[in-house]
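Trainee: sequence unavailable; structure follows:
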């Protein structure tokens with residue numbers, strides 16, 4: 001079989017780039033745009049000052065009388081005039097206003113407990129108790145019926161219980177609920 005000779009093969013001729021043809025000028029579009037622009041200009045010229053020439057008979061007429069100026073006392077040519085008291089006294093009255101407010105003391109609620117889980121088996125409860133111990137908190141396991149509850153507390157205030165719950169959330173123990181101790 002004969003091998004093709006790529007060295008002596010003639011190179012393909014490059015096509016000459018043709019100059020882009022210019023589109024013909026759209027004379028019809030230019031005429032239409034100029035007629036519209038001329039019509040709009042004539043419209044603006046025709047309404048110029050038309051509002052000033054025609055009075056509006058339907059509008060009610062009200063005459064506003066200016067207030068007489070407050071008397072000014074002059075004592076000296078260089079002295080500043082003394083202004084009279086302003087008739088708007090709302091802000092001065094508002095500063096003197098007192099509003100009675102009843103303050104009720106909050107009743108101290110009882111101690112709180114935090115329950116993190118309730119399991120059927122004691123082994124799962126012990127596992128969660130160990131995870132809680134790694135966070136630095138001490139938990140208890142209480143058996144109620146056939147369930148093992150993992151609880152923390154008692155807490156004197158709900159704020160301290162919330163603080164411990166946030167510590168547990170940082171360690172991915174997310175299901176803890178805070179209840180009143182009963």
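Mentor: Perfect, thanks for sending it. Given the structure is predicted, the values throughout are model-derived calculations rather than measurements.
Trainee: got the contact list for the closest residue to residue 168 other than its chain neighbours?
Mentor: Counting by CB to CB, 6 or more residues apart in numbering, residue 168 lies nearest to residue 176, which is 5.6 Å off, once chain neighbours are set aside. C-beta coordinates here come from the backbone N, C-alpha and C atoms, glycine included. If you count contacts by CB atoms under 8 Å, 6 or more residues apart in numbering, residue 176 has them with 114, 115, 116, 152, 165, 168, 169.
Trainee: can I get those residues in CSV including neighbour count and pLDDT?
Mentor: Below are the contacts of residue 176 laid out as CSV (neighbours: other CB atoms under 10 Å; pLDDT from 0 to 100):
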residue, neighbour count, pLDDT
114, 23, 95
115, 17, 95
116, 22, 94
152, 22, 95
165, 20, 96
168, 20, 95
169, 13, 94
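Trainee: and the furthest pair within those?
Mentor: 115 and 169 (14.8 Å; CB to CB).
Trainee: give the other helices and strands that the helix or strand hosting residue 161 contacts.
Mentor: Using DSSP states H and E, residue 161 sits within helix 158-170. Packed against helix 158-170 by the contact rule (3 or more CB pairs under 8 Å, 6 or more residues apart in numbering; DSSP states H and E) you find strand 112-119, strand 147-155, strand 177-180.
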